[in-house]
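S.K.: sequence-free structure coming up:
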């Protein structure tokens, strides 16, 4: 009866491909389910007792089911709050960047005006490294109703969407620096150094993740151990890359606000653009706090039996 | 015999106070250890078989011990590397800040020269938020040989040492701004906003942690559930506070380098001070990556049976 409980999965559609849904296998000789054992020699089997036992087992089964799918009012509230707040902040950061660039930096151009070409850089980097990557991390963590392989593919697609954004954003800043008269030096600032490290980590994570968790599925059995060992590393460095992206964005904003406002930034009056940039920075800080929390919260994971690292 | 294995702890000194060392209790009626059951009715007990069983049980016990204390060559290498690298980076960041401030910013003063008074700010903030807090987080995670209560106390002491550093560092920047002629506005920059959030989170973490994990130990039994529930939240927000401190330091450095170097920062020649500040920033980035990794690495935790959140 106890063993049968495990097949009554609260999310049956997850089961066939949940290749990391493995708690460490306990040796079968350590603990043997009661039902597999012969009855103790002196047991008097009574029909009434048997019925009582069955009723108790059913109640236990129900309790077990409840425990596996512990998803009370508090959990729903936390889940909804995180999903709603994260979506607002992820889209809000992109909207605020667009508003700042269009309202205070005169919009976009490509090669005609280096200042306007530069404006593509913050917008595309925030879109790629924050909005797409953030949704990608969150949906992997909080998607409760889809098969694992679909979640994996969506995770890959969102990260893949970030690649052209980051690539064009990177070209835009290089090109705009080179088109200035006199040209502005590249890679001199702390922001650019952090940005390079972030791009490097992002590329390694994408390549390793793509080959390990999608391509290696072709020989699923042989690579299961390797993939399981890679999961916590991929999860840890994924969150670190997101944090680095936020750090890069914050230093970039701090750099740009000085380029843009110079000493009016620290003068008595609060310049509007300064407040907009600071607010954008605080949205990114809030995102960092919320995404870290969501990734580690035990109540937000799809299958309550798994740990963060097992699930990812 | 199986039950007895659990009492053969590889780290017996941890046991008496490991109040969070709890894997979720399995209902005792679900799986009963073999030794507690009466022997199956048709078993022929043979002395030779009994001896073989005992030998097998001893071998299993040994294997169990090895599994619990899995601490092979790779783990030792990882442990040593993390401890050495983290210590170098934590002390290195403080040393590099001191070197930068003394070599390029003319050292320290208190109220005589606001520029020199300001220099206390980066040094004390790095000492408090990075060096002391970083050691505090790491030692909690990697201390393998001390009783839990001593590790807890050391964790508190290191965080407590950070408090005067942060307080004086905060006063130094306010005072130096106010002493300037004309006075510089406070809390106008993105750096200062991030710094305020970091200080707020640090204060909440310290107060909640102190009362929950030390003061509430006076009624240990009654508060165990509450404290266990608080552990993952405290751990998650602790790492987030450290990351925010790094973000605050990076934006601060990016701000200061512009105050200090102005347009020579982006001119053709690489100014020495710019390279020093960028290097300090990269040390902080490396620390962020290393501490995130150390906190989440499954091989670095003292008791291999526990997850990150259980242990912290």
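M.R.: Now that the structure is in, tell me what you want to look at. Computed from a predicted model, the values in this text were never measured in an experiment. Numbers count the residues shown, from 1 in each chain, chains lettered A, B, ... in the order given.
S.K.: going forward, measure contacts and count neighbours with C-alpha atoms only.
M.R.: Noted.
S.K.: tell me the mean pLDDT over stretch A:145-165?
M.R.: What stretch A:145-165 shows for mean pLDDT is 91.
S.K.: domains in chain A, as residue ranges please.
M.R.: A:2-68, A:74-311 (automatic domain parsing).
S.K.: Reformat the ones you listed as CSV; add mean neighbour count and distance to residue B:197.
M.R.: Putting those into CSV (neighbours: other Cα atoms under 10 Å in any protein chain shown; distance: least, Cα to Cα, whole Å) gives the following:
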stretch, mean neighbour count, distance to residue B:197
domain A:2-68, 12, 37
domain A:74-311, 19, 9
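S.K.: Columns distance to chain B on top of the ones you listed, output as JSON lines?
M.R.: JSON lines is the format used below for the domains of chain A (distance: least, Cα to the nearest Cα, whole Å):
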{"stretch": "domain A:2-68", "distance to chain B": "6"}
{"stretch": "domain A:74-311", "distance to chain B": "5"}
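S.K.: will you turn these into JSON lines that also has distance to residue B:76?
M.R.: Formatted as JSON lines, these follow (distance: least, Cα to Cα, whole Å):
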{"stretch": "domain A:2-68", "distance to residue B:76": "23"}
{"stretch": "domain A:74-311", "distance to residue B:76": "18"}
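S.K.: Comparing those domains, which yields the minimum mean pLDDT?
M.R.: Per-stretch mean pLDDT for those is lowest at domain A:2-68 (a mean of 43).
S.K.: list the contacts for residue A:287?
M.R.: Neighbouring residues of residue A:287 by Cα atoms under 8 Å, 6 or more residues apart in numbering or on different chains: A:86, A:89-90.
S.K.: I misspoke; the intended subject was residue A:282.
M.R.: Taking Cα under 8 Å, 6+ apart as the criterion, residue A:282 is in contact with B:190, B:193-194.
S.K.: Could you rerun that using 10 Å?
M.R.: A:93, A:250, A:276, A:288, B:190, B:193-194, B:197 (Cα atoms under 10 Å, 6 or more residues apart in numbering or on different chains).
S.K.: and which of those is nearest residue A:233?
M.R.: residue A:288 (19.1 Å; Cα to Cα).
S.K.: so which helix or strand takes in that closest one?
M.R.: Assessed by DSSP states H and E, residue A:288 sits inside helix A:272-296.
S.K.: What of residue A:204?
M.R.: Per DSSP H and E: helix A:190-213 holds residue A:204.
S.K.: gap between that helix and the chain center?
M.R.: In terms of Cα atoms, centre = their mean, to the nearest Å, the centre of helix A:190-213 is set 15 Å apart from its chain centre.
S.K.: helices and strands around the next helix or strand after that helix, which ones?
M.R.: Counting by DSSP H and E, the element after helix A:190-213 in chain order, helix or strand, is helix A:220-261. Packing partners of helix A:220-261 (3 or more Cα pairs under 10 Å, 6 or more residues apart in numbering or on different chains; DSSP states H and E): helix A:120-125, helix A:133-142, helix A:190-213, helix A:272-296, helix A:308-311, helix B:190-213, helix B:220-261, helix B:272-296.
S.K.: distance of the closest residue to residue A:295 other than its chain neighbours from residue A:239?
M.R.: Nearest residue to residue A:295 in three dimensions, chain neighbours excluded: residue A:141, at 6.3 Å (Cα to Cα, 6 or more residues apart in numbering or on different chains). Separation of residue A:141 from residue A:239 (Cα to Cα, to the nearest Å) stands at 12 Å.
S.K.: Residues that sit against both of those two, list them.
M.R.: Residues touching both residue A:141 and residue A:239 (Cα under 10 Å, 6+ apart) are A:291, A:295.
S.K.: Can you tell me, leaving aside adjacent residues, what's nearest to the residue most central in space within chain A?
M.R.: Taking Cα atoms, centre = their mean, the centroid of chain A lies closest to residue A:137, which sits 1.5 Å from it. Leaving aside its sequence neighbours, residue A:137 sits nearest to residue A:155 (Cα to Cα, 6+ apart; 7.0 Å).
S.K.: How far does the helix or strand where that neighbour lies sit from its chain's centre?
M.R.: Per DSSP H and E: residue A:155 is located in helix A:148-179. Relative to its chain's centre, helix A:148-179 lies at 16 Å (Cα atoms, centre = their mean).
S.K.: tell me the angle that helix makes with helix A:190-213.
M.R.: If you take axes from the mean of the first three to the mean of the last three Cα atoms, to 10 degrees, helix A:148-179 sits at 150 degrees to helix A:190-213.
S.K.: what separates stretch A:269-276 from the chain centre, distance-wise?
M.R.: The answer for stretch A:269-276 is 32 Å, by Cα atoms, centre = their mean.
S.K.: Contacts for it next, please.
M.R.: Here stretch A:269-276 makes contact (Cα under 10 Å, 6+ apart) with A:96-97, A:99-101, A:103-105, A:253-254, A:257-258, A:260-261, A:264-266, A:278-282, B:185, B:188-190.
S.K.: for stretch A:204-216, same thing?
M.R.: A:149, A:152-153, A:156, A:159-160, A:163, A:198-200, A:202-203, A:217, A:220, A:222-224, A:226-228, A:230-231, A:233-235, A:237-238, A:241.
S.K.: who's in contact with residue A:117?
M.R.: Applying Cα under 10 Å, 6+ apart, the residues near residue A:117 are A:107-111, A:169, A:171-177, A:179.
S.K.: again, only this time at 8 Å
M.R.: By Cα under 8 Å, 6+ apart, the residues touching residue A:117 are A:108-111, A:172-173, A:175-176.
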